[in-house]
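**Student:** Sequence plus the predicted model coming up.
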Amino acid sequence: MYNLFEDEDDIFSGSPRSKFIDVIYNANRDLCANELERLMERLSTLEMIVQEQLGLDSDKAVNDVYFSRGEEVAAATKNNYMISVGRILTQNE
């Protein structure tokens, strides 16, 4: 798989994580707080689904998936960073 977003010579110069951090530190504070709150609510909701609907311990389920599908988790994490950056930047104009 191509590491387009982590290439030092890339036009965007940096990883999705580093861009997320840059945006969080520099964009409108209220917009960033809203996005972080949205992410926490989403995490809490997903944990409740895992526990209530699947009957699993969410920490164990997360660890199992992380260790068995680490590359997919990394790709999904990059995607989520980009989605959050996009959400903040489109509202920050």
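**Tutor:** Ah, there it is. Residues are numbered from 1 along each chain as shown.

**Student:** What ranges does this protein have for its helices?
**Tutor:** Ranges of helices within the chain are 16-26, 29-52, 58-68, 70-91, based on DSSP state H.

**Student:** so how far is Ile49 from the residue of the chain positioned farthest from its centre?
**Tutor:** Residue farthest from the centre of the chain, counting by C-alpha atoms, centre = their mean, is Gly55 at 24.7 Å. Gly55 is 11 Å from Ile49, where distance means C-beta to C-beta, to the nearest Å. All C-beta atoms are positioned from the backbone trio N, CA, C, and that covers glycine.

**Student:** OK, contacts around the residue positioned nearest the centre of the chain?
**Tutor:** Centroid-nearest residue in the chain, with C-alpha atoms, centre = their mean: Asn80, separated by 3.5 Å. With C-beta atoms under 8 Å, 6 or more residues apart in numbering as the criterion, no residue contacts Asn80.

**Student:** coming back round to it: tabulate the helices of the chain (JSON lines), appending mean pLDDT.
**Tutor:** Listed next are these as JSON lines, based on pLDDT from 0 to 100:
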{"stretch": "helix 16-26", "mean pLDDT": "94"}
{"stretch": "helix 29-52", "mean pLDDT": "95"}
{"stretch": "helix 58-68", "mean pLDDT": "94"}
{"stretch": "helix 70-91", "mean pLDDT": "95"}
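
**Student:** With respect to burial, which of these scores highest?
**Tutor:** Mean neighbour count, computed with mean count of other C-beta atoms under 10 Å, is highest for helix 16-26 among these, reaching a mean of 15.

**Student:** how about it as CSV, C-alpha atoms only?
**Tutor:** Extracted C-alpha coordinates of helix 16-26, given in CSV (Å, rounded to 0.1, in the frame of the first residue of the first chain):
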residue,chain,number,x,y,z
PRO,A,16,-2.8,12.9,8.7
ARG,A,17,-2.0,12.8,12.4
SER,A,18,0.4,15.7,12.3
LYS,A,19,-2.1,17.7,10.2
PHE,A,20,-4.9,16.9,12.7
ILE,A,21,-2.6,18.2,15.5
ASP,A,22,-1.8,21.4,13.5
VAL,A,23,-5.4,22.1,12.9
ILE,A,24,-6.5,21.4,16.5
TYR,A,25,-3.8,23.8,17.8
ASN,A,26,-4.5,26.5,15.2
